[in-house]
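**Q** Quick one: sequence plus predicted model below, questions after.
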Amino acid sequence: MVPLALNRPQELAVYSVSDAVATYYLYEQYIHNFILALCTIIPMTVRIKTVFLTLSFCLSSYPLSVSRRRRDS
């Protein structure tokens, strides 16, 4: 977040605290333990698993956020 604050402070100002808390909660609740469990099962590095899981999570949640925005507007 520090590089974002230095390079794009206006964008960081728009990012609300509740969004940060919700994102952290989702990560801790669903993703963190899942990645640790996968690390014991699949012989890949944690970094590779994190990239794949984060990408799949973002791609799966993106259509939900788009459909909500379309309904709201």
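**A** Looks like it arrived, so ask away. All values reported here derive from a predicted model rather than from experimental measurement.
**Q** show me where this protein has helices.
**A** Applying DSSP state H to the chain gives helices spanning 2-7, 9-14, 17-26, 32-41, 46-72.
**Q** average pLDDT for the fourth one?
**A** It stands for helix 32-41. What helix 32-41 shows for mean pLDDT is 75.
**Q** Output it as CSV, nothing but the C-alphas.
**A** Output in CSV follows, covering the C-alpha atoms of helix 32-41 (Å, rounded to 0.1, in the frame of the first residue of the first chain):
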residue,chain,number,x,y,z
HIS,A,32,-5.0,-18.3,3.8
ASN,A,33,-5.8,-21.7,5.3
PHE,A,34,-6.7,-23.2,1.9
ILE,A,35,-3.2,-22.2,0.6
LEU,A,36,-1.5,-23.7,3.6
ALA,A,37,-3.5,-26.9,3.2
LEU,A,38,-2.5,-27.1,-0.5
CYS,A,39,1.1,-26.5,0.4
THR,A,40,1.1,-29.8,2.3
ILE,A,41,-0.6,-31.7,-0.6
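**Q** just the angle between it and helix 17-26, please?
**A** 30 degrees (axes from the mean of the first three to the mean of the last three CA atoms, to 10 degrees).
**Q** Show me what helix 32-41 is packed against.
**A** If contacts are counted by 3 or more CB pairs under 8 Å, 6 or more residues apart in numbering; DSSP states H and E, helix 32-41 sits against helix 46-72. In short, each C-beta sits where N, CA and C put it, glycine included.
**Q** Low-confidence ranges, this structure, go.
**A** Applying pLDDT under 70 to the chain picks out residues 1, 16, 39, 42-73.
**Q** neighbours of Gln10, just the number please.
**A** If you count neighbours by other CB atoms under 10 Å, Gln10 ends up with 6.
**Q** any idea how far it lies from Leu4?
**A** 10 Å (CB to CB, to the nearest Å).
**Q** With Val21 instead?
**A** Remark: distance between Val21 and Leu4 (CB to CB) = 17 Å.
**Q** Ser18 now?
**A** Relative to Leu4, Ser18 is positioned 17 Å away (CB to CB).
**Q** of the two, who's got more company?
**A** With neighbours defined as other CB under 10 Å, Ser18 and Leu4 compare such that Leu4 has more, 11 against 8.
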